[in-house]
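# Generate a structure from the sequence data that follows.
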Amino acid sequence: DLAPLHATELPNLARAYWALLRSEPVEIDDAVAGLAENDFVAARRDESLGVRREDFHTWLTIARLIAQSYGEPRLTDAHWKRMRE
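Now for the predicted structure:
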């Protein structure tokens, strides 16, 4: 019998979940890496978006976490596109 979660436990559970996901490697094949690079270069060229050089690392991290949240060990173009939404 599981006790209901207390609202104060949710942030700690979420942190533990994301930490667990981040510990697992995610492969990025050349095609997806090229897609990511092209998207980033295009976003950098559009000055109205305000994309900085440092944002690429953040984008990759989020895309990897999306892949991991689906239990997938490989980043796909669908994961990348989901991150860009």
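
# can you pull the contacts of residue 5?
residue 13 (C-beta atoms under 8 Å, 6 or more residues apart in numbering). Bear in mind the C-beta positions are built from the backbone N, C-alpha and C, glycine included.

# neighbouring contacts of stretch 40-58?
Contacts of stretch 40-58 (C-beta under 8 Å, 6+ apart): 36, 59.

# Residue 36 and residue 80 touch, don't they?
Yes - contact criterion C-beta atoms under 8 Å: residue 36 and residue 80 qualify, at 5.8 Å.

# got any residues that touch both of these two?
residue 63.

# give me every residue that touches the residue nearest in space to the middle of the chain.
Taking C-alpha atoms, centre = their mean, the centroid of the chain lies closest to residue 62, which sits 1.7 Å from it. Counting by C-beta under 8 Å, 6+ apart, residue 62 touches residue 83.

# and it, helix, strand or coil?
helix (DSSP: H, G, I helix; E, B strand; the rest coil).

# Which parts of the chain are strands?
27-28, 74-75 (DSSP state E).

# Run through who's touching the last one.
Residues external to strand 74-75 that are found in contact with it (C-beta under 8 Å, 6+ apart): 26-29, 32, 63-64, 67.

# Within the sheet, what are the partner strands of it, with directions?
The pairing partners recorded for strand 74-75 under DSSP bridges are strand 27-28 (parallel).

# Would you mind checking the average pLDDT for the partner strand?
Strand 27-28 comes out with an average pLDDT of 95.

# so how far is it from its chain's centroid?
12 Å (C-alpha atoms, centre = their mean, to the nearest Å).

# ok, and what's touching it?
Residues contacting strand 27-28 (C-beta under 8 Å, 6+ apart): 36, 60, 73-75.

# coming back round to it: turn the strands of the chain into CSV, including mean neighbour count and distance to residue 42.
Formatted as CSV, those follow (neighbours: other C-beta atoms under 10 Å; distance: least, C-beta to C-beta, whole Å):
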stretch, mean neighbour count, distance to residue 42
strand 27-28, 15, 18
strand 74-75, 18, 19
